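# sequence plus predicted model, see below.
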Amino acid sequence: MNRSWFLFSLLAVPLALLISCGDGSTRPGKAGTPGGAEGAHVSHGRLLARIGGEDLKEEDFTLYLKETLGENYRDFSDLIYSSLFDQYIEEVLFASYAEKQGFDAEPREREFYLNENGMDPKTTQWRGSLRRKYLIGKMTAKEVLPKIDVSEGEVRSFYNNNLELFRKPAEIQLSQIIVSEEKGALDVRALLGQEPGRFSELARSRSIGPEREMGGDMGFFSKGELPQEIENVVFTLNPGEISPIVKSPYGYHLFMVTKRKNKRLMALPYVADSIRLKLKQQKYKAQWQALKEELNRKVEHEIFPENLFFKYLPPQERSREDSPTSTVQEEGEKGGNP
């Protein structure tokens, strides 16, 4: 079994797949059961939205909120509820389309999916957001991701046009000994003055720092990554040189620079995979947006904000920075990047 598509939740559907729904008649399963008939239950409550002539009731959205936010789902802001309501509408829309395309889980696949997500197949109901995410993820992994490709030429072009992104600043590899008392620091400094090669040994035996077991090795740092009072000292040191004692809220420090790396350009082979991933994500986002716009044009949909238990804030009243929830597309990226 191909495990990859189990990792995807709410991913994009290619625009080419929309040909069969051009009349705007996409319907989220049978009446009152958004997202499909299997695992269906009778939907109750106020009418919150209508997608393709299908009714989405209050009970359905409440279940979605519980699955997303937990049992305290009533304790959040109008901003969060508004974003989640939009996600819910998109999720139902895309899941119903995925079902029309024939994507669903065989019993063995369903059991595997539930186990992989830490759920008991014997007690977990196969409905709601759980099933919708599965439908969309499976369709995306089978139909969308294999069609998203990035050529070597595209990777090379991005690299050559964005060289500044791949320049590494000058770095130093730093080791430290930290003790709690100034006298202890003076004693260690005196020993190092006689035998600087004992730095690692003394770090293991005298230091109280977390890196003591590694002989004091703290790794590589560039400017701006250390407290200013430490940076002012250590970046003036040559490899093998011991610093003066530096006092901080944590104790008394002695530093040694073990290696320096000059500013350098990372070679293309070392960054090609990350570039390829970035370009695939860009293509994925563009495809998703095209699909979303197409479905919004072709599938009749209407919401009834007066029936919601919160004040619905339209997207134009919510800035991206303020929104605490991700879009369906972004959830797809988290679930499995192309």
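Now that the structure is in, tell me what you want to look at. In this text, all values refer to a predicted model and were calculated from it rather than measured experimentally.

# what about the longest helix in the chain?
helix 268-298 (DSSP state H).

# and whichever helix or strand comes after that one, which strands flank it?
Per DSSP states H and E, the first helix or strand lying C-terminal to helix 268-298 is strand 301-303. Using DSSP bridges, the strands paired with strand 301-303 are strand 47-51 (antiparallel).

# SS state for the closest residue to Ser207 other than its chain neighbours?
The shortest distance from Ser207 to any non-neighbouring residue, by C-beta to C-beta, 6 or more residues apart in numbering, is to Ile177 (4.5 Å). The C-beta positions use only the backbone N, C-alpha and C, and glycine is treated the same way. Taken by DSSP: H, G, I helix; E, B strand; the rest coil, the conformation at Ile177 corresponds to strand.

# residue contacts, Ile177?
185, 188, 199, 202-203, 206-207, 209, 216, 253-254 (C-beta atoms under 8 Å, 6 or more residues apart in numbering).

# quick check: bridge partners of it?
With DSSP bridges as the rule, Ile177 is bridged to Leu254.

# separation between it and Ser200?
According to C-beta to C-beta, to the nearest Å, Ile177 and Ser200 sit 10 Å apart.

# next one: Glu106
58 Å.

# same question for Glu306.
Glu306 is 71 Å from Ser200, by C-beta to C-beta.

# tell me which helix or strand Leu56 sits in.
strand 54-57.

# so which bits of the following helix or strand past that strand are buried?
As assigned by DSSP H and E, the chain's next helix or strand after strand 54-57 is helix 58-69. Neighbour counts over helix 58-69 (16 or more other C-beta atoms under 10 Å) mark 58-65, 69 as buried.

# same check, this time on stretch 141-158
141-145, 148, 150, 155, 158.

# go on, stretch 184-192?
184-185, 188-189, 192.

# hmm, which two among those residues are most spread apart?
Spatial extent of the buried residues of stretch 184-192 (C-beta to C-beta) is set by the pair Gly184 and Leu192 at 12.6 Å.
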